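Participant: Here is a sequence together with a model predicted from it:
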Amino acid sequence: MALNIYGRHLDSRLLIGSALYPSPEVMKQAILASGSQVVTLSLKRQNPHEQSGEKIWTYIQEVVKQNQGFLLPNTAGCKSAKEAVTLAKMSRELFQTNWIKLEVIGDDYNLQPDPIELLAAAEQLLADGFKVLPYCTDDLVICQRLYDLGCQVIMPWASPIGTGKGLMNPYNLASIRLRLPDATLILDAGIGKPSDACLAMEMGFDAVLLNSAIALADNPVLMAKAFAQAINAGESAYIAGTMPERQTAHPSTPTLDLPFWHHPEHS
Amino acid sequence: MKFYLNGTELEISHLSQPINIKQVLSHALAEKKQQQSFALALNGEFIGKDDYTSTEVKESDSIDVLFPIVGG
């Protein structure tokens, strides 16, 4: 089913990053294979080989156009609300979008978002007309505060960026889903396998944003397809409604009759 | 006048002050980069393209010129 966020209609529930691919061509083919319509990118002073500049910029624009999608700039590398707000404004001018994936990092070891600075930045950007998609931890109260500020989309992490550890704390994520039923929840960061994405969707998350799990796969294009399928499967499962978990075995074959007679076992 | 461009100290001495951002870029930023897509901040504050001519650069100011890059 389609996803609507901040008034934009999306056919794909996979948001994808543009970094870490073996080459621009592989990036392009992987993004196209994923079907994703939202591609993240950033702004930096440095120009690593083949990772920036007009060539990659042109490539990303082509890919987005082919998938009828749009760009989602991030504020990666920012460590304060002030830096994030400035970078968001620079991105708005350059990329011609008021959408921003808001990242404010508080710790260099695990790249954990700084909740205090994140809230301050979100408040300023929302007031300035931005459509804010905040990347945060799986802390329920932080997610609530961001939603109360006006963030229609909340993006808690599965685990630290680039670890591929999957859902570290499914209980926290389920609690966020339960307590914020009207928020659009996108699981962002730490996803390693398609089954991680599927699990999040089965839990009722609205979408998944990832990069490394596809870009660092042996075959990024095939992995992009796998993630797209997993997300579709998880979404369908959530809509279908999973059976309740039970403590004891229940025969699935009718017990009205048995093929052979047995002595009754201890009950 | 000394200033910082993307963290590197630079000096412009042949232009009469005040100097605006547009003048700084035309002298300090490589021509190839001037033709690329970029956005700019002065002392940590965003400056829009429409304001390059009207924004003065002062001694020890810090200019950051950022370019599109892949990102997650």
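Facilitator: Sure, I can see it.
Participant: which residues touch the residue nearest to residue B:51 when sequence neighbours are not counted?
Facilitator: Spatially, and ignoring its direct neighbours in sequence, residue B:51 is nearest to residue B:21 (7.6 Å; CB to CB, 6 or more residues apart in numbering or on different chains). C-beta: built from backbone N, CA, C; applies to glycine. Residues counted as contacts of residue B:21 (CB atoms under 8 Å, 6 or more residues apart in numbering or on different chains) are B:40, B:42, B:47, B:51, B:52, B:53, B:55, B:57, B:63.
Participant: let's see it at 7 Å
Facilitator: B:40, B:42, B:47, B:52, B:55, B:57 (CB atoms under 7 Å, 6 or more residues apart in numbering or on different chains).
Participant: So for the second one, what pLDDT did the model give?
Facilitator: Think residue B:42. Here, the pLDDT recorded for residue B:42 equals 98.
Participant: SS state for the spatially closest residue to it that is not a sequence neighbour?
Facilitator: Nearest non-adjacent residue to residue B:42, counting by CB to CB, 6+ apart: residue B:63, 5.7 Å away. On the three-state scheme (DSSP: H, G, I helix; E, B strand; the rest coil), residue B:63 is labelled strand.
Participant: Might one say that residue B:63 is in contact with residue B:5?
Facilitator: Yes: counting by CB atoms under 7 Å, residue B:5 is a contact partner of residue B:63 at 5.1 Å.
Participant: ok now the least confident helix or strand in chain B by mean pLDDT, how far from the chain's centre?
Facilitator: Counting by mean pLDDT, DSSP states H and E, the weakest-scoring helix or strand in chain B turns out to be helix B:31-34, with a mean of 76. Mean C-alpha position of helix B:31-34 versus that of the full chain (CA atoms, centre = their mean, to the nearest Å) differs by 12 Å.
Participant: cool, and stretch B:29-42?
Facilitator: 8 Å.
Participant: I would like the residues contacting that stretch, please.
Facilitator: Stretch B:29-42 is contacted by residues A:43, A:53-54, A:57, A:86, A:90, A:93-94, B:21, B:25, B:47, B:55, B:61, B:63-68 when judged by CB under 7 Å, 6+ apart.
Participant: let's go with 8 Å and repeat that
Facilitator: A:43, A:53-54, A:57, A:86, A:90-91, A:93-94, B:5, B:21, B:25-26, B:46-47, B:49, B:52, B:55, B:57, B:61-68.
Participant: What of stretch A:82-92?
Facilitator: Contacts of stretch A:82-92 (CB under 8 Å, 6+ apart): A:43, A:73, A:75, A:78, A:97-98, A:100, A:102-104, A:117, A:121, A:124-125, A:128, A:130, B:39-41, B:44-46, B:66.
Participant: how does it look with 7 Å?
Facilitator: Residues outside stretch A:82-92 that contact it (CB under 7 Å, 6+ apart): A:43, A:73, A:75, A:78, A:98, A:100, A:102, A:104, A:121, A:124-125, A:130, B:39, B:41, B:44-46, B:66.
Participant: try stretch A:155-172
Facilitator: Under CB under 7 Å, 6+ apart, the answer for stretch A:155-172 is A:110-112, A:133-138, A:140, A:143, A:173, A:176, A:186-193, A:196, A:199-200, A:209, A:212-213.
Participant: redo that, cut-off 8 Å
Facilitator: Against stretch A:155-172 from outside (CB under 8 Å, 6+ apart): A:101, A:110-113, A:133-140, A:143, A:173, A:176, A:185-193, A:195-196, A:199-200, A:203, A:209, A:212-213, A:216, B:72.
Participant: Tell me how many other residues crowd the residue of the stretch 101-250 of chain A at minimum distance from chain B.
Facilitator: Sorted by distance to chain B under CB to the nearest CB, the residues of the stretch 101-250 of chain A start with residue A:211, at 3.5 Å. Residue A:211 is flanked by 24 other residues according to other CB atoms under 10 Å in any protein chain shown.
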